[in-house]
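Novice: sequence and predicted structure are below.
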Amino acid sequence: MSESTIATPGTGGHFRPVEVEPENAAGRLAALLREELLSARYPPGERLKEEELAARFRTGRYTVRAALRILVSSGLLDHRPNRGASVPLLTRDRVNEVSAYREVLEVGALRLALQRQADLDAFVAATRALERLPDDAPWIDVVETHQAIHTSLLVAAGNDRLLAAYLLCEEELRYIVSTVRPDFTAGRLAALHTRLLAGIHCGGDAAVTALEADLHTGRQAVLDALPHPEHAPDEAGPGVR
């Protein structure tokens, strides 16, 4: 099979080759792997081996390597010299660091949006979309819809620099949220964000307090989902940056 071919799931779970332009092959494979990562297919710390992926997707190792680089650059995979790419190994420090960064940006964005009386229709629409998802919805749909709620606040701020800073960690945020499965369901996340929507409708300090409470709840849920220290993977092994 050529470098410009990637096998994708077909009828009955069988893979079928799909011809794509060479310059798009890596992007297509990265998209397929991204969906698997955000669906919690791989456990934290697991290495993604080039030869296994090449055989599984029936494509060349150059395409696999390029796809993995895309995912590393977006924060969905870690890379360690001589060990290759692996699923991020979450630690309390890492979750707290990313969460603190997120809170500074999101709360700041909400304050700006409120000051300029921005249109929050996209925020409302994303919240309603999460409410409509059934509990058996594909987990990636839950992750994407949840993230759309929060990203809409950055867009509403009307500050391109703030939005650009947020987008740098957006994929990592999606991955972190994906780890709360199965402790959370679409319905449970929707209930939290319906409460957030009500708080933001109040405006002013009440809106900021509601967002801070939502972010703190999310951070704690991820921390609670982490393996207990004595059961955690070896942090010196693959998966550490």
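Specialist: Sure thing, it's come through.

Novice: please pull out the lowest mean pLDDT helix or strand from this structure.
Specialist: strand 15-19 (a mean of 39; mean pLDDT, DSSP states H and E).

Novice: now do the following helix or strand past it: distance to the chain's middle.
Specialist: Using DSSP states H and E, the next helix or strand after strand 15-19 towards the C-terminus is helix 22-38. From the chain centre to the centre of helix 22-38 is a distance of 15 Å (Cα atoms, centre = their mean, to the nearest Å).

Novice: with just CA atoms, put helix 22-38 into PDB.
Specialist: Only the C-alpha atoms of helix 22-38 are listed here, as PDB (Å, rounded to 0.1, in the frame of the first residue of the first chain):
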ATOM      1  CA  PRO A  22       0.000  12.500  -0.200                       C
ATOM      2  CA  GLU A  23       0.100  15.900   1.500                       C
ATOM      3  CA  ASN A  24      -3.300  15.100   3.200                       C
ATOM      4  CA  ALA A  25      -2.500  11.500   4.200                       C
ATOM      5  CA  ALA A  26      -0.800  12.500   7.500                       C
ATOM      6  CA  GLY A  27      -3.600  14.900   8.400                       C
ATOM      7  CA  ARG A  28      -6.200  12.300   7.700                       C
ATOM      8  CA  LEU A  29      -4.400   9.800   9.900                       C
ATOM      9  CA  ALA A  30      -3.900  12.400  12.600                       C
ATOM     10  CA  ALA A  31      -7.700  13.000  12.600                       C
ATOM     11  CA  LEU A  32      -8.500   9.300  13.000                       C
ATOM     12  CA  LEU A  33      -6.000   8.900  15.800                       C
ATOM     13  CA  ARG A  34      -7.300  12.100  17.400                       C
ATOM     14  CA  GLU A  35     -10.800  10.700  17.500                       C
ATOM     15  CA  GLU A  36      -9.500   7.600  19.200                       C
ATOM     16  CA  LEU A  37      -7.500   9.600  21.800                       C
ATOM     17  CA  LEU A  38     -10.500  11.700  22.700                       C
END
